[in-house]
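Chemist: sharing a model that was predicted from the sequence below.
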Amino acid sequence: MKICHYIWGANFGGTWTLVRTIAKEQAKKHEVVILFAQKDNGVLDFDLPKVRVHNIEYKHNFDLSPTKIKKTIKFFKGFDVIHIHGLTYPIYLAAILSKVPIVFTFHGLLDFNNKVKNWRNLLKFFMMRQTFGRYVSMVTTNSFFMRKELEERYFENLPIEVVYNCYEIPDDNSHLENIVSDDFKILTFSRLVPYKRVELFLDIISKLVDINIVGEIYGDGPERGKLMKTINELKLSVTLFSFTKNIHSRIETADLCLFPAKGEPFGISALEVLSHGKIPLVFSDGGGLVEIVAPLHDGLFIVNNTDQAVALIRRFYNNPSELDQFKESCKKRANDFSVDKISGIYIHHYLTVINRKELIS
């Protein structure tokens with residue numbers, strides 16, 4: 001089977017991590033190409049054996065150059081299925097005109113907002129409403145939370161399949177640092193944007209100053225200055241770091257990881273934590289994060305507010321051996337999102353839409 005994954009560029013954080021992970025796995029048995037539309041992808045500093053990378057440069061999301069679209073249509077015709085990971089108008093148009101089966105995946109919420117009806121969002125919403133179901137063979141998203149949001153806010157009566165994100169669980173621990181500390185360390189890592197609610201992380205730490213707890217935040221974004229100001233004003237034992245490629249080493253040094261995001265589409269960070277046998281503590285309004293953590297110990301690691309989070313952290317602080325008891329169950333849960341399992345689900349969906357097209361033809 002010849003599979004084409006489309007993503008704007010190799011800088012889309014979790015989405016790009018997912019695409020390259022799935023493509024690498026699928027390339028073991030199939031011909032796989034990743035198509036970029038971004039002008040400059042930089043240096044792809046990772047190994048993608050057997051995966052070919054192709055670039056048709058578009059200036060922006062509305063670059064409707066007939067020459068480029070014609071070139072893209074011709075390119076798409078060489079595949080059995082096109083997997084689109086985000087709406088770019090000329091790419092989407094070319095995929096439809098190629099008449100190759102399309103699988104479209106929502107990795108996050110649309111930026112269309114009923115209260116802010118700017119023309120870009122209205123156009124995006126209208127275009128999808130008119131074409132999904134008619135030209136797109138299958139629509140998927142990465143959590144039941146996301147499916148509910150999409151159905152209620154955007155696409156009523158549109159069949160949407162849930163395929164969880166996957167994670168390539170590291171089997172080599174040689175890169176991990178052996179750091180021993182007497183402190184009880186709580187860690188979080190994410191983009192520093194409002195819906196991640198990292199300020200709740202600081203609020204929780206501020207309520208634990210009577211015990212020997214330190215916090216570490218890894219991330220960058222517009223909320224960074226505000227967070228640093230709070231840390232300094234409250235004199236919290238929290239260090240704010242920029243993103244690190246070696247986050248696995250930092251996870252290993254943590255006693256507990258906390259993710260206070262609201263309405264997270266999925267939450268790949270929680271999988272990274274689980275794969276190390278660590279607990280990802282999340283909030284009940286955390287969206288996809290809740291689905292990842294809920295099956296573990298009757299939802300013990302889900303809290304409704306900061307006071308509950310503080311109480312649970314105190315419990316683990318006073319009973320550190322209890323954390324070790326959860327190690328294996330956390331690793332086992334991470335295996336539910338293994339790349340071979342999730343990639344296999346997508347392969348099944350690809351075959352379904354290909355066979356459906358052949359029956360129609």
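Modeler: Thanks, I have it.

Chemist: show me where the stretch 101-250 of the chain has helices.
Modeler: Along the stretch 101-250 of the chain, counting by DSSP state H, counting those that start in this stretch, helices occupy 119-131, 144-153, 198-206, 224-234, 247-253.

Chemist: redo those as CSV? Include mean pLDDT.
Modeler: Below are the helices of the stretch 101-250 of the chain laid out as CSV (pLDDT from 0 to 100):
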stretch, mean pLDDT
helix 119-131, 84
helix 144-153, 93
helix 198-206, 97
helix 224-234, 96
helix 247-253, 92
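
Chemist: turn those helices into JSON lines, including mean neighbour count and distance to residue 27.
Modeler: In this view, the C-beta of every residue, glycine as well, is placed from N, C-alpha and C. Output for the helices of the stretch 101-250 of the chain, formatted as JSON lines (neighbours: other C-beta atoms under 10 Å; distance: least, C-beta to C-beta, whole Å):
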{"stretch": "helix 119-131", "mean neighbour count": "14", "distance to residue 27": "29"}
{"stretch": "helix 144-153", "mean neighbour count": "17", "distance to residue 27": "27"}
{"stretch": "helix 198-206", "mean neighbour count": "21", "distance to residue 27": "36"}
{"stretch": "helix 224-234", "mean neighbour count": "14", "distance to residue 27": "37"}
{"stretch": "helix 247-253", "mean neighbour count": "17", "distance to residue 27": "24"}
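
Chemist: tell me the SS of residue 83?
Modeler: Residue 83 falls in the strand class when you classify it by DSSP: H, G, I helix; E, B strand; the rest coil.

Chemist: mind checking the longest helix of the protein?
Modeler: helix 339-360 (DSSP state H).

Chemist: before we move on, back to that, of the helices of the stretch 101-250 of the chain, which is nearest residue 295?
Modeler: helix 144-153 (13.1 Å; C-beta to C-beta).

Chemist: relative to helix 119-131, how tilted is that closest one?
Modeler: With axes from the mean of the first three to the mean of the last three C-alpha atoms, to 10 degrees applied, the angle from helix 144-153 to helix 119-131 works out at 90 degrees.

Chemist: list of residues touching helix 144-153?
Modeler: 106, 108-110, 112, 114, 141, 158, 160, 162, 263, 265-266, 287-288, 290-291 (C-beta atoms under 8 Å, 6 or more residues apart in numbering).

Chemist: give me the buried positions along the longest helix of the chain.
Modeler: Within helix 339-360, the residues that qualify as buried are 339, 342-343, 346-347, 349-350, 352-354, counting by 16 or more other C-beta atoms under 10 Å.

Chemist: how far is that helix from where the chain is centred?
Modeler: Counting by C-alpha atoms, centre = their mean, to the nearest Å, helix 339-360 is centred 21 Å from the centre of its parent chain.

Chemist: which of the helices and strands in this structure ranks last by mean pLDDT?
Modeler: Across the helices and strands of the chain, mean pLDDT, DSSP states H and E gives its lowest value to helix 119-131, namely a mean of 84.

Chemist: helices or strands up against that helix?
Modeler: Applying 3 or more C-beta pairs under 8 Å, 6 or more residues apart in numbering; DSSP states H and E, we find helix 119-131 packed against helix 89-98.

Chemist: tell me the angle the helix it packs on makes with helix 119-131.
Modeler: Using the same axes, to 10 degrees, helix 89-98 lies at 10 degrees relative to helix 119-131.

Chemist: go through helix 89-98 and flag the buried ones.
Modeler: 89-96, 98.

Chemist: avg pLDDT for that helix?
Modeler: Mean pLDDT, helix 89-98: 96.

Chemist: give me the residues contacting that helix.
Modeler: 6, 35, 37, 58, 61-65, 68-69, 72-73, 76-77, 82, 84, 102, 127, 131, 135.

Chemist: those in strands, which ones?
Modeler: Of the positions in the contacts of helix 89-98, 6, 35, 82, 84, 102 sit in strands, assigned by DSSP state E.

Chemist: the least confident helix or strand of the chain: how far from the chain's middle?
Modeler: 23 Å.

Chemist: still on that earlier bit, would you turn the helices of the stretch 101-250 of the chain into TSV with distance to residue 187?
Modeler: Listed next are those as TSV, based on distance: least, C-beta to C-beta, whole Å:
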stretch	distance to residue 187
helix 119-131	35
helix 144-153	24
helix 198-206	9
helix 224-234	14
helix 247-253	6
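
Chemist: which among those helices is found nearest to residue 299?
Modeler: Comparing those by C-beta to C-beta, helix 144-153 comes nearest, at 15.1 Å.

Chemist: centre of the chain versus that closest one, how much separation?
Modeler: 16 Å.

Chemist: picking up where we left off before, of the contacts of helix 144-153, just the buried ones, PyMOL syntax please.
Modeler: A single PyMOL command suffices to select whichever of these are buried according to 16+ other C-beta under 10 Å:
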select buried, resi 106+108+109+110+112+141+160+162+263+265+266+287+288+290+291
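
Chemist: among the contacts of helix 144-153, which lie within strands?
Modeler: Of the contacts of helix 144-153, the ones assigned to strands by DSSP E are 106, 141, 160, 162.
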